[in-house]
Each structure stands twice: as structure tokens, then as C-alpha cells.
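Give me a 3D structure for the following:
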Amino acid sequence: MPTPRFFADKICPVRAKRERRKEARPGELLAAALDLFVEKGFAATRAEEVAARAGVSKGTLFLYFPSKEELFKAVVVENLGGRFAEWNDEFEAFEGTTADMLRYCMRVWWERVGMTKASGLTKLMMSEGANFPELAEFYRKEVVRPGHALLRRILQRGIDRGEFAPVDIDHAIYAVVAPMIFLMLWKHSAMVCVDADTSLDPEKYLATQAETVLYGLTRQPGAAA
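Coordinates of the predicted model:
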């Protein structure tokens, strides 16, 4: 009869600690990889650097991720692509106006992605995507297309409810995306996008951009259907 896990942990705490460490390794490797990819870029990051930062051997890294490319894909899914199910659920549950939904979307994007290290992945793809077309296509599939699809749902909701004018949605989504891209470049480019003598409050900036976008989207009284 096998020894229950609880008693096994008490009998051999070293083994139990090792097992828990093994279970945590994929997350530790992904965190180390995110740090290095954002700091150094994809091309300049070496697998052995990721392993060293995570406190494991290079061989251990490749047990979980067979190549640097697969490691990068896992980082994208963990930090960005894998979150769209949650965000679409929030869309379904939202009960306010579509204007409030768009404000919420832009604010929460900053809190959950923009202000975090994960936003550096977008800058990385903008800088290096042309040199790694397979990774660029993976990023489009996992992040860009789902992100655009969610924004289309938001704008279409506003149009269907008579809150927004019937705009060209495929192009209108970029009015929402553009401020987000600017903030990611600002955050991960030593803030050279703004005058050094002025300060930029990301939350105030996004709130201002949201109102600017909404002014253009909102159906004006007396406008033709």
C-alpha cells in the first residue's frame, strides 16, 4: 500500500520539497524567460541565461520547453494569449453602457498588462518580429486577432444598442489600440517618447484617449441611422 502524500511529506521533507519545487519549475522558467526577453530581446537571450536565472540547468529547461522558440510561445500564452477567455467572460457579464465598457477595458488593460513586464512582449515583437516570422504569426494568432475580435465585439455592442454611430469597425479598433501601443513603447523605451521636462500619467492619458475615442463614436442627437 503506497504511503499517503501527507505522511510521505512528514517522513521525507527533503523529497517533498523537491517535488513541490519540480511542480513550480515551469512557472519559474516562464517568469525568468519573460524577464530576459523583455530586458534583452528574443535574439540576444540565450537558453542558458534563462535556466541560470530560474536556478536550474539548461538540460532541465529543455525538459519542459524543447527550444527557445517554444519557450517564447509559452511566455506569450501565459502572459497574454491565455487571458482572452477571462476577458471575453467579463464582456458577457458587463451590464453598463458600452461607453463605460470601453473605459473599463482601457483602464483594466493598463492595470493587468500595460503596467506589467508583459507589455514588453509587444514592443519585442514590433522590434524583432520581421526577423522571426513564425513567432510573429504565432503572436498574431494568440494576441492580435483575439484582441481585435474582443474590441470588435465591444464596438458592435455599442452600434447594436444605438449608443455608437455605425462606424467602420475594422478601422475603428485601431483608434483604441493606438494609445495602448504608445504606452507600451513609452514604458519600454526609456520613456523617450515624451518630453523629459513633462510627466505622463498613464491612467490619465488613457482616460483622456478613451473620451476622445468615445466623442467620435457616440451617436449625436438627430444623426441619421
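
How about the spatially most central residue of the chain: what's its closest non-neighbour residue?
Residue closest to the mean C-alpha point of the chain, counted by C-alpha atoms, centre = their mean, is residue 80 at 3.4 Å. Nearest residue to residue 80, sequence neighbours excluded (C-beta to C-beta, 6 or more residues apart in numbering): residue 143, at 4.9 Å. Every C-beta, even on glycine, is put in place using the N, C-alpha and C of the backbone.

confidence score at that neighbour?
Residue 143 is assigned 96 on the pLDDT scale.

Just list the residues touching it, thanks.
Listed by C-beta atoms under 8 Å, 6 or more residues apart in numbering, the contact partners of residue 143 are 76, 80, 81, 122.

wait, what's in contact with the third one?
Residue 81 makes contacts with 142, 143, 146, as judged by C-beta under 8 Å, 6+ apart.

same thing with the first one?
For residue 76, the residues meeting the contact criterion (C-beta under 8 Å, 6+ apart) are 121, 138, 139, 142, 143.

Go through stretch 63-81 and flag the buried ones.
Neighbour-count burial for stretch 63-81 flags 65, 68, 71, 72, 73, 74, 75, 76, 78, 79, 80, 81 (criterion: 16 or more other C-beta atoms under 10 Å).

Would you convert the contacts of residue 143 into CSV that also reports distance to residue 177?
Putting the contacts of residue 143 into CSV (distance: C-beta to C-beta, whole Å) gives the following:
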residue, distance to residue 177
76, 17
80, 14
81, 16
122, 10
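
What is the nearest of those to residue 97?
Minimum distance to residue 97 across the contacts of residue 143 is 27.3 Å, recorded for residue 80 (C-beta to C-beta).

quick one, phi/psi of that closest one?
Here the main-chain torsion angles of residue 80 (degrees, to the nearest 10) amount to phi -130, psi -70.
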